[in-house]
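Visitor: next one to model:
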Amino acid sequence: MEKRIGVIGIVLEQASNSAAEVNRIIGLYRSCIVGRMGVPFDKDDVAVISLIVEVTNEELGALTGKLGSIQGVNVKSALTTKTVKGNEK
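Guide: This next block holds a predicted model:
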């Protein structure tokens, strides 16, 4: 399967309620994640997470679908059009 590099942006609108489940799901896909940055906005109970990923279309759909099904979590993604070589997992 062809893999591409992309980004996933995740906004947790009720971070105290959803952070544990979001982190659990991200952990399930750790082999696809190249980098991660998280920024908490504690006073507003909001958090923003960005992921750099190397994924197939199926992996991206599965990950974003699971994250997007969590109440109070918004997810957007973008992939390069070019497939990547090497780093087969």
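Visitor: can I assume residue 68 is in contact with residue 76?
Guide: No - the criterion here is CB atoms under 8 Å, and residue 68 misses it with residue 76 at 9.3 Å. C-beta: built from backbone N, CA, C; applies to glycine.
Visitor: contact partners of the longest strand along the chain?
Guide: Assignment by DSSP state E gives strand 73-84 as the longest strand of the chain. For strand 73-84, the external contacting residues (CB atoms under 8 Å, 6 or more residues apart in numbering) are 2-13, 18, 22, 54-55, 57, 60, 64, 67-68.
Visitor: so which of those residues sit within strands?
Guide: When DSSP E is applied, these are split such that 3-12, 54-55 fall in strands.
Visitor: in these, find the pair that's most separated.
Guide: 3 and 12 (26.6 Å; CB to CB).
Visitor: who has more neighbours out of these two?
Guide: Neighbours were tallied for residue 3 and for residue 12 using other CB atoms under 10 Å; the higher tally belongs to residue 12 (24 against 21).
Visitor: from residue 58, how far out is the more buried one?
Guide: Using CB to CB, to the nearest Å, residue 12 is found at 25 Å from residue 58.
Visitor: for the longest helix seen in the chain, packing partners?
Guide: In the chain, taking DSSP state H as the definition, the longest helix is helix 15-28. Judged by 3 or more CB pairs under 8 Å, 6 or more residues apart in numbering; DSSP states H and E, helix 15-28 is in contact with strand 3-12, strand 33-41, strand 46-55, helix 57-68.
Visitor: low-confidence regions, the chain specifically.
Guide: In the predicted model of the chain, residues 86-89 satisfy pLDDT under 70.
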